[in-house]
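A.B. asks: Sharing a model prediction with you, sequence too.
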Amino acid sequence: MQIALVGAGAIGGSIAASLNRSGHDVELAARGEHLAAIRESGIRLTGAWGTHTALVTANETLTRRPELALVCTKAQDARSAIEANREFLTGLPVVIVQNGLEALATARAALPDADWIGGLALYAASYLSAGEITVTTSGPTLLGSGDGPPTAATVAAAGVLAESVPAQAISNFTGAQWSKLIVNQVNAMPAITGLSVQETIANAELRAIITAGMREAVRVGRASGVRFEKVQGLSSAMLRVFTSVPATLAEQLPLLMARRMGDTPNPGSTLQSIRRGQLTEVDYLNGAVVAEAAAAGVNAPINAALTEMVHGVEASHHFMTPGAVARAVDLAAEKRG
Ligand SMILES: NC(=O)C1=CN([C@@H]2O[C@H](COP(=O)(O)OP(=O)(O)OC[C@H]3O[C@@H](n4cnc5c(N)ncnc54)[C@H](OP(=O)(O)O)[C@@H]3O)[C@@H](O)[C@H]2O)C=CC1
Ligand SMILES: CC(C)(CO)C(=O)C(=O)O
């Protein structure tokens with residue numbers, strides 16, 4: 001099948017290489033030194049999904065109309081990436097694989113005339129260098145849209161992807177996006193400290209803040225009327241227990257998440273942006289919790305403080321120590337009440 005991917009970093013690159021390995025005819029839209037490296041010697045995939053060098057067609061924008069497309073940029077780049085490839089995406093089923101809550105709304109606003117399908121990657125991947133992608137933890141990609149059952153186009157797209165990567169169509173995609181937003185509470189701390197997700201969770205001070213941020217985000221979701229969908233064991237019932245037990249007991253959840261990630265250090269996608277000197281997605285992660293809290297008339301001081309600290313590191317290029325992070329969270333929480 002002819003399949004196009006717009007954005008071929010950690011997520012897009014690992015999916016593209018796997019599709020190529022299965023025999024699909026893949027075209028990528030990529031940019032900069034990554035595009036040059038892919039043109040020169042393909043995408044080199046390593047890690048949990050095996051080793052493969054994918055020699056694929058790659059251009060700054062798509063040059064032909066595929067049968068299925070995926071958009072796999074960071075949230076802040078999605079709109080311009082879709083607009084730049086509008087000609088070859090119009091009328092197609094297009095999967096947008098993105099964390100946060102806004103992927104489908106952004107995609108539909110940028111290109112109303114496409115059959116947009118949301119994608120949530122439950123695996124972890126890293127961009128090592130131009131042309132080099134590694135999968136650090138395996139897991140499925142969930143496809144869906146809205147709060148009902150998956151559409152026929154979603155089931156068909158999941159079927160195609162599932163021949164190459166773990167993928168499945170789900171109901172209540174909106175609830176799954178929220179559950180993933182709770183999982184993505186682990187992204188900010190690596191971006192602030194420069195440590196891996198596993199290292200931040202192993203640190204008692206940081207783990208307490210991550211847990212508090214997760215509990216705050218669940219409460220905001222509830223205040224917004226969210227029906228959490230089960231994602232990586234995070235069901236609505238489980239999240240109710242998570243927010244009602246003592247904080248130290250609740251820390252078992254991030255500890256479990258870290259164990260599931262295994263031994264290969266996972267920087268998370270937000271720290272990877274920082275390491276490349278790029279702006280991060282934090283406004284779509286912790287920032288989304290703050291925005292939803294404001295809309296629901298509740299406070300989210302921990303998520304607000306984490307958002308601010310990630311922006312601070314983006315600007316200063318200096319990571320913070322765990323002690324400094326703990327002091328900043330305390331001060332911010334006091335100030336905001
Ligand atoms: N990495 C992970 O483990 C996981 C990531 N996710 C989510 O998946 C999404 C993608 O993340 P990830 O793959 O890590 O991000 P990356 O930054 O690794 O990849 C995004 C790629 O898109 C490229 N890009 C941006 N705009 C354009 C454009 N107009 N045309 C062509 N290419 C473009 C970027 O290029 P450039 O570098 O030049 O900006 C980059 O190569 C995010 O929403 C993330 O939160 C979800 C689960 C796990
Ligand atoms: C859950 C996690 C941290 C996996 O890498 C992720 O979704 C991300 O990096 O954005």
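C.D. replies: Yes, it's here. Since this is a predicted model, take the numbers as computed values, not measurements. Ligands and ions are numbered 1, 2, ... in the order given.

A.B. asks: OK, now which residue of the chain is nearest to ligand 1?
C.D. replies: Across the chain, no residue is closer to ligand 1 than residue 9, which sits at 1.9 Å (Cβ to the nearest ligand atom). Glycine gets a C-beta too; all of them are placed from N, C-alpha and C.

A.B. asks: Which residue is the nearest non-sequential neighbour of that residue?
C.D. replies: In this structure, residue 9 finds its nearest non-sequential neighbour in residue 127, 4.9 Å apart by Cβ to Cβ, 6 or more residues apart in numbering.

A.B. asks: What residues are bridge-paired with that neighbour?
C.D. replies: Counting by DSSP bridges, residue 127 forms beta bridges with residue 133.

A.B. asks: That one is in contact with residue 136, isn't it?
C.D. replies: No. Checked against Cβ atoms under 8 Å, the pair residue 127 and residue 136 is beyond contact range at 11.3 Å.

A.B. asks: count of neighbours near residue 206?
C.D. replies: Residue 206 has 23 neighbours, counted by other Cβ atoms under 10 Å.

A.B. asks: Tell me which residue is most central in the protein.
C.D. replies: residue 99 (3.4 Å; Cα atoms, centre = their mean).

A.B. asks: Now for that residue, which secondary structure element holds it?
C.D. replies: Using DSSP states H and E, residue 99 is not contained in any helix or strand.

A.B. asks: same thing with residue 306?
C.D. replies: Secondary structure assignment for residue 306, by DSSP H and E: helix 301-316.

A.B. asks: Please tell me how far that helix is from the chain's geometric centre.
C.D. replies: Here helix 301-316 is found 18 Å from its chain centre; the criterion is Cα atoms, centre = their mean, to the nearest Å.

A.B. asks: ok, residues contacting it?
C.D. replies: 188-189, 191-192, 209, 212-213, 216-217, 220, 270, 274, 279-280, 282-283, 286-287, 289-290, 293, 319-320, 325, 328-329, 332-333, 336-337 (Cβ atoms under 8 Å, 6 or more residues apart in numbering).

A.B. asks: buried sites along that helix?
C.D. replies: For helix 301-316, the neighbour count (16 or more other Cβ atoms under 10 Å) marks 301-311, 313-314 as buried.

A.B. asks: Mind telling me the two of those residues farthest from one another?
C.D. replies: In these, two members sit farther apart than any others by Cβ to Cβ. They are 301 and 314, at 20.4 Å.

A.B. asks: Model confidence score at residue 337, please.
C.D. replies: Looking at residue 337, its pLDDT reads 55.

A.B. asks: Could you measure from residue 50 over to residue 307?
C.D. replies: Per Cβ to Cβ, to the nearest Å, residue 50 is found 37 Å from residue 307.

A.B. asks: who touches residue 173 in this structure?
C.D. replies: Taking Cβ under 8 Å, 6+ apart as the criterion, residue 173 is in contact with 118, 120, 142-147, 150, 229.

A.B. asks: ok, back up a step: tell me which of the contacts of helix 301-316 fall in helices.
C.D. replies: Among the contacts of helix 301-316, the members falling in helices (DSSP state H) are 188-189, 191-192, 209, 212-213, 216-217, 220, 270, 274, 286-287, 289-290, 293, 325, 328-329, 332-333, 336.

A.B. asks: Make a PyMOL selection of whichever of those residues turn out to be buried.
C.D. replies: In PyMOL, a selection of the buried entries from those looks like this (16+ other Cβ under 10 Å):
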select buried, resi 188+189+191+192+209+212+213+216+217+220+270+274+286+287+289+290+293+325+328+329+332+333
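
A.B. asks: How about the contacts made by residue 122?
C.D. replies: Applying Cβ under 8 Å, 6+ apart, we find residue 122 in contact with 139-142, 180, 231-232.
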